[in-house]
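> 3D model of this:
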Amino acid sequence: MNEWYDDFFNVRATGGESFADQQARVADFLDDLRESGCRCVIVFAHGGTILQAMMLQGQATKENAFDMQPPYGGVIEMDI
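The predicted structure follows:
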């Protein structure tokens, strides 16, 4: 666990993906949305995914990501 806390961006969680892996997956999803032509989309996601989208949109950085956690059940609106 300490290894992950020391470098959460690159170290994979046990049996999972790293923050960087997740960021690449979310970036691909956002690119697909942009290319889809859809003008309004509702996405239900967990906090990590929302943080990734916020970071990719310039609304958060990896340095302050954990301070920007959306509230449970919260609604985050963003333009992509």
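> what number of residues lie near residue 49?
When neighbours are counted by other Cβ atoms under 10 Å, residue 49 registers 17. Every C-beta, even on glycine, is put in place using the N, C-alpha and C of the backbone.
> please tell me I have it right and it contacts residue 22.
Yes. In this structure, residue 49 is within contact of residue 22 by Cβ atoms under 8 Å, at 7.2 Å.
> return the helix or strand in the protein with minimum mean pLDDT.
Ranked by mean pLDDT, DSSP states H and E, the weakest helix or strand in the chain is helix 2-6, scoring a mean of 74.
> export only the CA atoms of it, formatted as CSV.
Provided in CSV are the C-alpha atoms of helix 2-6 (Å, rounded to 0.1, in the frame of the first residue of the first chain):
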residue,chain,number,x,y,z
ASN,A,2,2.9,2.4,0.8
GLU,A,3,4.3,1.9,-2.7
TRP,A,4,0.9,3.0,-4.2
TYR,A,5,0.7,6.1,-1.9
ASP,A,6,4.3,7.0,-2.9
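> in it, what's buried?
residue 4 (16 or more other Cβ atoms under 10 Å).
> please apply the same query to stretch 42-60.
47, 49, 50, 51, 52, 53, 54, 55, 56, 60.
> average pLDDT across that stretch?
Stretch 42-60 carries an average pLDDT of 92.
> which residues touch that stretch?
For stretch 42-60, contacts defined as Cβ atoms under 8 Å, 6 or more residues apart in numbering pick out 19, 22-23, 26-27, 30, 61-62, 65, 68-70, 76, 78, 80.
> what about the buried residues of stretch 42-60, which are in helices?
Judged by DSSP state H, the subset of the buried residues of stretch 42-60 located in helices is 47, 49, 50, 51, 52, 53, 54, 55, 56.
> can I get those residues in JSON lines including distance to residue 37?
Shown next, in JSON lines, are those (distance: Cβ to Cβ, whole Å):
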{"residue": "47", "distance to residue 37": "28"}
{"residue": "49", "distance to residue 37": "22"}
{"residue": "50", "distance to residue 37": "23"}
{"residue": "51", "distance to residue 37": "26"}
{"residue": "52", "distance to residue 37": "23"}
{"residue": "53", "distance to residue 37": "19"}
{"residue": "54", "distance to residue 37": "23"}
{"residue": "55", "distance to residue 37": "25"}
{"residue": "56", "distance to residue 37": "20"}
